[in-house]
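> Task: produce atomic coordinates for the following.
(2 chains)
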Amino acid sequence: MKLFKQSAKHSIKFFLNGNQVEGFAEPNLLLSDFLRKEIGATGTHVGCEHGICGACTVKLDGEAIRACLCLAIQVEGRDVVTIEGLADTEGSLGIIQKAFHENFALQCGFCTPGFLTTLDHYLKINPTPTEKELREVYSGNMCRCTGYDEIIRASLEAANELLKIKTLNLK
Amino acid sequence: MNTNYQAKKHTEKSIGTSVLRQENHALLLGRGTFVDDIPVKQGTAHAAILRSPHAHAIIKSIETHESKNQDGVFAVITGRDMVVHTDSMKTPVDTPMKHYGLAVDRVRFVGEPVAVVCAKNRYLAENAAEKIQIEYEVLKALVDPIESASDEAPLIHPEMSSNLYSTHHFKHGDPDTAFDKTDDVIDFIIEYPRNSIPPIECFGCVAEYLPETGGYDVISNFPGPFGMQPVMAWALRVAGNKLRLRTPPNCGGNFGTKLCMFPHIVVMCVASKLAGRPVKWLEDRLENLAAANSAQNRITRVIAAHKNSGEVTALKMEHWDDNGAYLRAPMPGPIFRMHGTTTNGYKVQHLDVKMNIVATNKCPSGAVRGFGGPQLYFATERLMQKLSVKLELDPLEVIKKNLISADSFPYRTPAGALYDSGNFQRCLEEGVEKGNLLDLKRNQESARKAGKYYGIGYSTAVEPSQSNMGYITILKSESERKKAGPKDGAVSYVTVSVDSSGSVSVVSESVPQGQGHATVLAQIVSDQLGLKPEEIAVNLELDTAKDAWSIASGNYSSRFAPAIGSAAYAAAVRVREKLASIASSKLNVPISSIEFAEGKIYSKENPDNFTKFYRTAALAHWSPGSLPDGMEPGIRERVAWSAPELDSSNSLGEINSELAYGFAFDFCGVEIDPITYEIRVDRYISAHDCGTILNPAIVDGQVSGSFAAGLGAALYEEFVYDKDGAFFSGSFADYLVATAPEMPKLDIIHCTPSPSPYTLLGAKGIGEGNTYSTPVCIANALADALAVEDIVLPMSPSKVADILLEDEPPPPKQEMQSNLEPISGQSLTGQGSTSIEASPKKIWEFVLDPKKLANLIPGCNELKLVSENNYSAVVNLGVGPIRGIFDAKVSLTDLIEHSEMTLKGGLTGTLGSGSGVGFIKLENTPSGTILHYSYEVTVSGKVASIGGRMLRSAAKILIGQFFNNLGSNFREKNGINFWKWLKKIVSLKK
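The predicted structure follows:
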């Protein structure tokens, strides 16, 4: 295991949304702070810093994790996907984002990055979720504006859309 | 040209349709700009706040030297600096209480800011804050508002003559006669808990002192009301125009709570001045839960005079409104804001209301979505339910009997509110029918047959919107009011401009927090100008140095739809009239025949006679000379709108506190599992009349959002304090918020609307309704399910167990009673015994040897003997995820040699403090000694706030470790006694 010197900055090279980036971090710097302050990727939001609200959820090597419970130095050489990486190739809304837009699934939008990354991860494991399953998956994401119904509706719609595309591609 | 033109144009109005939100794209792409996303100037300092671990204590000394000398620290600021550089912040109540944002000489609640460290980054600032040494002398804390209000209570603010910030007594109508003549009275007390709706984004600000002007420039997520801007400027001793407040494009939720960040802005302004650079502060979650804001918990005694038929004729209420450790403007506003609606939607004519505005050692109160309504309607709606039980009537019938009739609008309530429009009975009927009450009743029947507890609850709520700035004056006496001059109205500003290329921009001071204001403004304006909503650019970032704003500006009291909606409509109409006037001279038709649609301005009679919208607008910029005579060039219409119905108070303190009053009628079924006592809301129905609906999907979002908050208040959310004022809800693991799986099915019903005659679009507010109606609707269902009189929220399975198992005998008495004086508060207690293979004498000698004792104490390296039987130590302890270093003091008293002793001690550290007593008794037995122990510990500060739920087990483990260490010490010393061991094995086999 690599040893990092305390209170010194270390170079961290990793992949952010498919692009290799580099930043510098002290060993105690949280991934959430690193992404936001050092890399400038402010799409990931920090709501509680103790792993409960879910706003800072990002994908690390495909797994949904809390960026506030991860150190920057842990992502060296790894793949991080944030909300900024969920748009389609032209930079417009991706399928999940579009479903959230059309179903009024966000109000203030502060918790939204966590919901989007959680869903993006979950639909890869379970492409045909039920409402109940989605609610359970979101038990780690807090939203204070919407009351969740619109989020569930949007998520079901996104799953359907993704399935349709998958079926078309197979044909 | 299309002959169906006009008909088509008419159907294309976007108001009333669910236009998709223009706010969404940036947010969904991760391109939103919240306060923490804005880059700061080079050299900006980052602030960390050191907070009080005590609920009530004298600050005997603060030593900041070591903290200031840490690497990267620019400044350390304390309450003394605030006294030098600011004046105490003003409140609406005339009180000698002082509030500077940082504690001066005394702390009054757990989490109170004591010092601010400004450093190169937040990590360094937090580390340096731990180096500040503060000596406290702990005082008795007051947590219960009635106890605090009593004459005997020690003073929280010694400059006040009691712990009452103020008291008020209102009489409207003739309550005394009504009570004399009544058939009967019902008399009860309700308690509403302490909670909030903590948004996911906490407070944040960047404050910069400007030495060139002596002023300040602040960017923050403070949402208004901007009546607090002069309060901040007065405190900072600068003219209003030297305190520039700006808001970022996005705000991560508010729900009223962010109003209370203004004292922090004042502190950060001073910090910037003293640090000589901009200062950025972001609140963390513990700070937010412990110290940002809380709705007032309230105790209310309700006495209602009623007829035997169920009609309430007069109401008496006495409130103890717990406003916590300081009054921060505009507190105690909520109780006054709802005073006009004390009778809710009921035709009660006689009212007697006493208000005790109480100080306690808890977080200062603030605004929370619903602003005084949840507490009030908990009283009125529990009354309806209790009355129905008392008179054996259907609760819905009791409600119906009391509702104001449809032909009485506009209706003046006894306390002065002017209900603009409504049809409450119709709303009830539509709710019952569309919400299928019958179905719920069938569910109740079958659940009860199956042995489950199942109740149905009802509630109604008048939903006031757009506050009259004058309502706060009713807390002053008539002579004080006269002296202060009139206060009334509420000004809202919207500016609509059309640029030289013909594109339309809207600017306003609504300071949205995610509701979708920009979308609705675009709808309102585009409808007037014959454009599409997506063609309208809306910017709602407020800058007090440049924008039109008033004391009423900001986001609160469901202000947007009635106030900003009206101003936007008026401004758009003015732009339309100006363009129509230009077009009329160009098209050579009278103004009255001009229409706007699809980017064209045309003659109604002859649609072929048209001009392009952009060309007409361009003329006002490119060719002022071509404009009709006397017309001002350019197109920029700024409307300041205030409704005349928001007049000032009369001599009795009666005032129309709000402009537009919506209505909500809710009912629900709640089922309780007979074994686990799990509470499940079977179905929840909420019927609303908010007048004209501007955007149905946005309205539904407001209803379901406030429903989620109301459900939280009913079942999950509470700020818990123990009797010593220690705070136990400092994380989202302790302060529970409903997530998606907890949410029951919600049916939203839009009743036939009663548009407001006083707002220009007929719209009323909708953002707060369910925070009023939902907690008490669920409480009423619980009362019905459990057949109990008192329901104290939030209701949990363990509280249900307390109610249902009330008659069970208490658990058997513990074998050993400690002879200790119990420590007050929610102390942790425990006891146990352990056998040790050594004589009492040996153990006694061992424990009295500091070097040996040190080895037994978890996390302790060295125990210093201070005086006989008094020790001090530095210990490293952890509870759950929290670990820290504490200074410990231990004394041994009541020593009976080789037999009994009492240990008293205290711990202090940056993570909090604790104190405890332990009692040890040594019992001589043939195989050695049985050591009996009992202990009682109280803990306060960070460790309690975020580790509270783990403290009991942590204390058990730590104390267990102590005695295990003691026991094993003798075992190791004696070695393993083979014969004893063999004997044990044999006896076990038997």
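
> Show me the contact partners of stretch A:164-171.
The contact list for stretch A:164-171 (CB atoms under 8 Å, 6 or more residues apart in numbering or on different chains) reads A:95, A:127. Heads up, the C-betas are built off the backbone N, CA and C, glycines and all.

> Give me the mean pLDDT for it.
Averaging pLDDT along stretch A:164-171 gives 88.

> residues in contact with the residue in chain A that chain B sits nearest to?
Chain B sits closest to A:G43 of chain A, with a gap of 2.2 Å, by CB to the nearest CB. Applying CB under 8 Å, 6+ apart to A:G43 gives the contacts A:82-84, A:113, B:29-32.

> Using TSV, lay out those together with pLDDT, neighbour count and secondary structure.
Formatted as TSV, the contacts of A:G43 follow (pLDDT from 0 to 100; neighbours: other CB atoms under 10 Å in any protein chain shown; DSSP: H, G, I helix; E, B strand; the rest coil):
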residue	pLDDT	neighbour count	secondary structure
A:T82	98	24	coil
A:I83	98	30	helix
A:E84	97	18	helix
A:P113	98	29	helix
B:L29	97	18	coil
B:G30	97	24	coil
B:R31	97	16	coil
B:G32	98	28	coil
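
> now those as JSON lines including distance to B:L922?
Putting the contacts of A:G43 into JSON lines (distance: CB to CB, whole Å) gives the following:
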{"residue": "A:T82", "distance to B:L922": "62"}
{"residue": "A:I83", "distance to B:L922": "63"}
{"residue": "A:E84", "distance to B:L922": "66"}
{"residue": "A:P113", "distance to B:L922": "60"}
{"residue": "B:L29", "distance to B:L922": "70"}
{"residue": "B:G30", "distance to B:L922": "65"}
{"residue": "B:R31", "distance to B:L922": "70"}
{"residue": "B:G32", "distance to B:L922": "66"}
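
> so what are the domain limits for the chain?
I went with chain A, as the question did not name one. Domains of chain A are assigned by automatic domain parsing as A:10-86, A:95-170.

> wrong one, chain B
Split by automatic domain parsing, chain B gives B:41-139+B:200-253+B:257-291, B:164-195+B:294-473+B:648-804, B:491-641, B:826-968.

> now these in CSV, with distance to chain A, mean neighbour count and mean pLDDT?
Shown next, in CSV, are the domains of chain B (distance: least, CB to the nearest CB, whole Å; neighbours: other CB atoms under 10 Å in any protein chain shown; pLDDT from 0 to 100):
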stretch, distance to chain A, mean neighbour count, mean pLDDT
domain B:41-139+B:200-253+B:257-291, 3, 21, 97
domain B:164-195+B:294-473+B:648-804, 3, 22, 97
domain B:491-641, 3, 21, 97
domain B:826-968, 8, 18, 84
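
> can you redo those domains as CSV with distance to A:I12?
Supplementary listing: the domains of chain B in CSV, determined by distance: least, CB to CB, whole Å:
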stretch, distance to A:I12
domain B:41-139+B:200-253+B:257-291, 16
domain B:164-195+B:294-473+B:648-804, 29
domain B:491-641, 33
domain B:826-968, 25
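
> Nearest to A:G23, out of the ones you listed?
Among the domains of chain B, domain B:41-139+B:200-253+B:257-291 comes nearest to A:G23, with 14.6 Å by CB to CB.

> my guess is A:G85 contacts A:V21, does it?
No - assessed by CB atoms under 8 Å, A:G85 is found out of contact with A:V21, at 11.8 Å.

> Would you mind telling me which of the two has more residues around it?
A:G85 (21 against 16; other CB atoms under 10 Å in any protein chain shown).

> How about the more buried one, nearest residue that isn't a chain neighbour?
A:N17 (3.0 Å; CB to CB, 6 or more residues apart in numbering or on different chains).

> same check, this time on A:Y138
Per CB to CB, 6+ apart, closest to A:Y138 is B:A740, 4.0 Å.

> B:V937 too?
B:G916 (3.7 Å).

> In this structure that neighbour contacts B:S934, no?
No - here B:G916 does not reach B:S934: they are 11.0 Å apart, not a contact under CB under 8 Å.

> where does chain A dip in pLDDT?
The model of chain A has pLDDT under 70 over residues A:1.

> Output the longest helix belonging to it.
The longest helix of chain A (DSSP state H) is helix A:149-170.

> same thing with chain B?
The longest helix of chain B (DSSP H) is helix B:942-974.

> Sheet partners, orientation included, of the helix or strand harbouring B:S459?
Following DSSP states H and E, one finds B:S459 within strand B:453-467. Note on strand B:453-467: by DSSP bridges, its sheet partners are strand B:658-672 (antiparallel).

> Quick check: B:V573 is in a helix.
Yes - B:V573: assigned to a helix according to DSSP: H, G, I helix; E, B strand; the rest coil.

> sec struct for the closest residue to it other than its chain neighbours, please.
Nearest residue to B:V573, sequence neighbours excluded (CB to CB, 6+ apart): B:Q528, at 6.0 Å. Counting by three-state DSSP, the backbone at B:Q528 sits in helix.

> which ones are touching B:Q528?
B:569, B:572-573, B:575-576, B:596.

> now do B:E717
Taking CB under 8 Å, 6+ apart as the test, what B:E717 contacts is B:195-197, B:735-737, B:794.

> Check which helix or strand it maps to.
Here B:E717, judged by DSSP H and E, is contained in no helix and no strand.

> For it, grab phi and psi.
phi -90, psi 120 (degrees, to the nearest 10).

> Spit out the contact partners of residue 117.
Reading this off chain A. Here A:T117 is in contact with A:57-59, A:64, A:81-83, A:86 (CB under 8 Å, 6+ apart).

> Sorry, I should have been clearer: chain B.
B:47-50, B:67, B:73, B:75-76, B:125-126, B:128-129, B:132.

> for those residues, which one is nearest B:I749?
Comparing the contacts of B:V117 against B:I749 with CB to CB places B:I49 closest, at 45.8 Å.

> B:P113 is in contact with that closest one, correct?
Yes - the criterion here is CB under 8 Å, and B:I49 meets it with B:P113 at 4.8 Å.
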